[in-house]
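**Student:** for reference, the sequence and a predicted model appear below.
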Amino acid sequence: MKLKEIAHARTGDKGNMSNISVIPYEERDYPILKEVLTAKKVEEFFSEICFGGVRRYELDNICAFNFVLEASLGGGVTRSLAIDKHGKSLGMALLEMEI
């Protein structure tokens, strides 16, 4: 199954870092995601663009995750030649991950 079947995402940026929030549609799916949606798996998924590692923050009180992707925006908005300089599409890309 794809992540998008049980969760939605929101993406932000700060300098050369991108952060992706992942929130399951149903609270009951949070423990499943906690088990399978690891920082390592996200880092492997974005291995072609993320060069500084991935940190996962668990927000148990709201059943959500925040993933911080270091060195993932080609130097940041003012330095990157990428079409999506802010990395806003990264959350949608992550939702295509098989879990």
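**Tutor:** The structure has been received and is ready for your questions.
**Student:** what residues sit buried inside the helix or strand containing Ile32?
**Tutor:** Assessed by DSSP states H and E, Ile32 sits inside helix 30-36. For helix 30-36, a neighbour-count test (16 or more other C-beta atoms under 10 Å) marks 30, 33 as buried. For the C-beta atoms, the positions are set from N, CA and C on the backbone; glycine is no exception.
**Student:** just checking, what packs against the helix or strand just after it?
**Tutor:** Sequence-wise, the next helix or strand downstream of helix 30-36 (DSSP H and E) is helix 39-45. If you count contacts as 3 or more C-beta pairs under 8 Å, 6 or more residues apart in numbering; DSSP states H and E, helix 39-45 packs onto strand 54-59, strand 64-69.
**Student:** repeat that with 10 Å
**Tutor:** strand 54-59, strand 64-69, helix 90-94 (3 or more C-beta pairs under 10 Å, 6 or more residues apart in numbering; DSSP states H and E).
**Student:** the helix holding Ile32 - what's its average pLDDT?
**Tutor:** Mean pLDDT, helix 30-36: 97.
**Student:** before we move on, what about stretch 51-69?
**Tutor:** Computed over stretch 51-69, the average pLDDT equals 97.
**Student:** tell me how far that stretch lies from the chain's centre.
**Tutor:** Distance of stretch 51-69 from its chain centroid, counting by C-alpha atoms, centre = their mean, to the nearest Å, is 8 Å.
**Student:** how many neighbours does Glu70 have?
**Tutor:** 16 (other C-beta atoms under 10 Å).
**Student:** now swap in Phe51 and tell me
**Tutor:** 13.
**Student:** surely it and Ala71 touch.
**Tutor:** Yes. Using C-beta atoms under 10 Å, Phe51 is in contact with Ala71, at 4.3 Å.
**Student:** what about Ile99, how many neighbours?
**Tutor:** For Ile99, the neighbour count with other C-beta under 10 Å is 15.
**Student:** no, scratch that, I was asking about Asp29
**Tutor:** Neighbour number of Asp29 under other C-beta under 10 Å is 15.
**Student:** coming back round to it: most neighbours per residue, which of the helices and strands packed on helix 39-45?
**Tutor:** strand 64-69 (a mean of 21; mean count of other C-beta atoms under 10 Å).
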